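Colleague: From the sequence below, what's the structure:
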Amino acid sequence: MKSMDLLDSFENIRNEYIMEAQDMKKHYGAKSPASRVKFMLLAAIIAVSLLLVTAFAAMNYLGMQEITQGTTYEVPSEASPYIETQSAQATTTEDWSCTMLESLFDSASFTISVGISGGDKYVVVPEYCSAGDDVSEIGLPRGQTLGDYAAQQGKTLLYVGAGIQDRDKLGIPTTAQFYKSQSDSEMTIVETGQKSTDVSVTEGTCSVSAWVDGQKDVTRVELPFTVKEAAGDVLVYKAEGANEVAGIRTNSFRVYQSPAGNSIVFDQELPEVFPDDLKRMDIDGITYAEGGWVQNENGQFEARWSKVQGNFGDTLTLRFINWDNEVMGTVQFRLQK
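Modeller: Below is the predicted model:
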């Protein structure tokens with residue numbers, strides 16, 4: 001199957017709602033595919049006992065920089081002063097707990113992390129797993145199923161997931177998630193993605209969900225967190241000369257620069273039917289971890305790139321690439337000063 005080749009594949013990463021180029025031709029209406037199959041459960045939400053505290057529990061949770069290190073979603077060292085330590089915790093009636101760990105926001109992107117502990121009762125596993133999956137999913141040597149391992153330990157599997165709430169309100173079209181086990185009963189989940197540059201965030205909520213193997217009920221916990229967006233600069237590039245390729249008119253783009261990383265948002269006019277032969281766009285000397293055409297908070301589709309690196313000179317050339325990796329056309333841009 002053709003794909004936009006926008007995301008690298010990593011172990012223990014889940015990408016949601018990433019739109020592929022060939023789906024755009026369906027009048028931009030198709031829902032984006034998930035890179036991992038998610039369980040769809042019709043579940044009753046059962047009560048939890050929520051306890052807010054001012055200090056972390058003494059767990060072995062890793063930080064977002066440690067978990068993303070070496071990936072294209074790596075949180076740079078320059079972002080360290082802007083990573084906010086959080087303090088919300090919850091303990092449930094099922095004897096598992098969760099802790100809001102860290103948050104990092106700028107005007108165009110976000111990263112959050114949450115820790116989940118199963119105590120002595122549960123083996124904590126990602127929500128996309130099943131009892132028949134290999135224990136390598138939680139960092140153990142291959143050769144045994146999760147279900148068999150849990151039984152051997154005298155524990156029960158606890159399937160967990162987490163994600164930021166109010167995605168539509170915050171203009172968050174795509175996210176990527178990392179699951180990292182610190183032990184068979186402790187796991188850290190990191191979620192990262194783009195957000196609308198028109199929405200300033202001062203607080204947020206992370207929703208944590210979990211269910212016990214063999215049961216249908218899902219427990220959901222909401223963990224609040226505070227946000228102080230990292231300040232940065234905005235570079236504006238405007239097209240010079242002809243700016244239409246494959247029916248797409250690109251007027252300008254903005255580069256949002258911050259210690260948390262760079263993002264690009266394109267101002268484009270899209271045709272009624274997306275061109276079948278368009279695979280991607282790129283700019284010489286510029287790389288990005290995630291990108292594509294996504295639906296913004298106004299219901300319109302726009303191209304966004306995140307985790308952008310490279311040299312932003314006075315002039316840049318945007319290239320449109322087809323499925324044969326041939327250049328369909330180019331548009332020249334100049335930095336506005």
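Colleague: Give the residue spans of this structure that score low on pLDDT.
Modeller: 1-59, 296-297 (pLDDT under 70).
Colleague: domains of this structure?
Modeller: 13-226, 233-335 (automatic domain parsing).
Colleague: how distant is the shortest one from the center of its chain?
Modeller: When you say that, I think you mean domain 233-335. Distance of domain 233-335 from the chain centroid (C-alpha atoms, centre = their mean, to the nearest Å) equals 20 Å.
Colleague: Over to the longest one?
Modeller: Taking C-alpha atoms, centre = their mean, the mean C-alpha location of domain 13-226 is offset from the chain mean by 10 Å.
Colleague: what would the domains of the chain look like in JSON lines with mean neighbour count?
Modeller: From N, CA and C alone the C-beta is placed, and that goes for glycine too. Converted to JSON lines, the domains of the chain look like this (neighbours: other C-beta atoms under 10 Å):
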{"stretch": "domain 13-226", "mean neighbour count": "18"}
{"stretch": "domain 233-335", "mean neighbour count": "17"}
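Colleague: Show me what the helix ranked longest in the chain packs onto, helices and strands only.
Modeller: Secondary structure of the chain per DSSP state H: the longest helix is helix 146-153. Judged by 3 or more C-beta pairs under 8 Å, 6 or more residues apart in numbering; DSSP states H and E, helix 146-153 is in contact with strand 122-126, strand 156-164.
Colleague: What separation do you get for the residue sitting furthest away from the middle of the chain and residue 283?
Modeller: Most distant residue from the mean C-alpha position of the chain: residue 241, 35.7 Å away (C-alpha atoms, centre = their mean). Taking C-beta to C-beta, to the nearest Å as the criterion, residue 241 is separated from residue 283 by 16 Å.
Colleague: Excluding chain neighbours, give the residue nearest to the residue farthest from the centre of the chain in space.
Modeller: residue 332 (6.0 Å; C-beta to C-beta, 6 or more residues apart in numbering).
Colleague: wait, doesn't the one you found sit right on residue 245?
Modeller: No. Applying C-beta atoms under 8 Å, one finds residue 332 not in contact with residue 245, separated by 11.5 Å.
Colleague: Contacts for the longest helix of the chain next, please.
Modeller: For helix 146-153, the external contacting residues (C-beta atoms under 8 Å, 6 or more residues apart in numbering) are 123, 125, 129-135, 137-138, 140, 144, 156-157, 184, 213.
Colleague: Which of those residues fall in helices?
Modeller: In helices, judged by DSSP H, none of the contacts of helix 146-153 are found.
Colleague: Among the residues you listed, which ones are in strands?
Modeller: 123, 125, 156-157 (DSSP state E).
Colleague: Just put the residues you listed in CSV and tack on distance to residue 299.
Modeller: Supplementary listing: these in CSV, determined by distance: C-beta to C-beta, whole Å:
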residue, distance to residue 299
123, 42
125, 36
156, 43
157, 40
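Colleague: Could you name the helices and strands sitting against the one helix or strand residue 331 maps to?
Modeller: Residue 331 belongs to strand 327-335 when assigned by DSSP states H and E. Using 3+ C-beta pairs under 8 Å, 6+ apart as the contact criterion, the elements in contact with strand 327-335 are strand 233-240, strand 244-245, strand 248-257, strand 315-322.
Colleague: So which of the ones you listed is nearest residue 227?
Modeller: Nearest of these to residue 227, taken as C-beta to C-beta: strand 248-257 at 16.2 Å.
Colleague: now for the following helix or strand past that closest one, which elements pack on it?
Modeller: Sequence-wise, the next helix or strand downstream of strand 248-257 (DSSP H and E) is strand 262-269. On a contact count with 3+ C-beta pairs under 8 Å, 6+ apart, strand 262-269 meets strand 248-257, strand 301-310.
Colleague: Partner strands of the host helix or strand of residue 219, with direction?
Modeller: Using DSSP H and E, residue 219 falls within strand 218-226. Strand 218-226 has its sheet partners listed here by DSSP bridges as strand 45-46 (parallel), strand 203-212 (antiparallel).
Colleague: Mind checking the ones you listed for the one nearest to residue 78?
Modeller: Among those, strand 203-212 sits nearest to residue 78 (C-beta to C-beta), with 22.4 Å.
Colleague: Distance to residue 291 for the helices and strands packed on helix 146-153 - can I get that in TSV?
Modeller: Below are the helices and strands packed on helix 146-153 laid out as TSV (distance: least, C-beta to C-beta, whole Å):
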stretch	distance to residue 291
strand 122-126	25
strand 156-164	20
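Colleague: ok, residue 142 touching residue 136?
Modeller: Yes. Applying C-beta under 8 Å as the test, residue 142 and residue 136 come out as touching, 4.7 Å apart.
Colleague: hang on, the earlier thing: the inter-axis angle of the longest helix of the chain versus strand 122-126?
Modeller: 160 degrees (axes from the mean of the first three to the mean of the last three C-alpha atoms, to 10 degrees).
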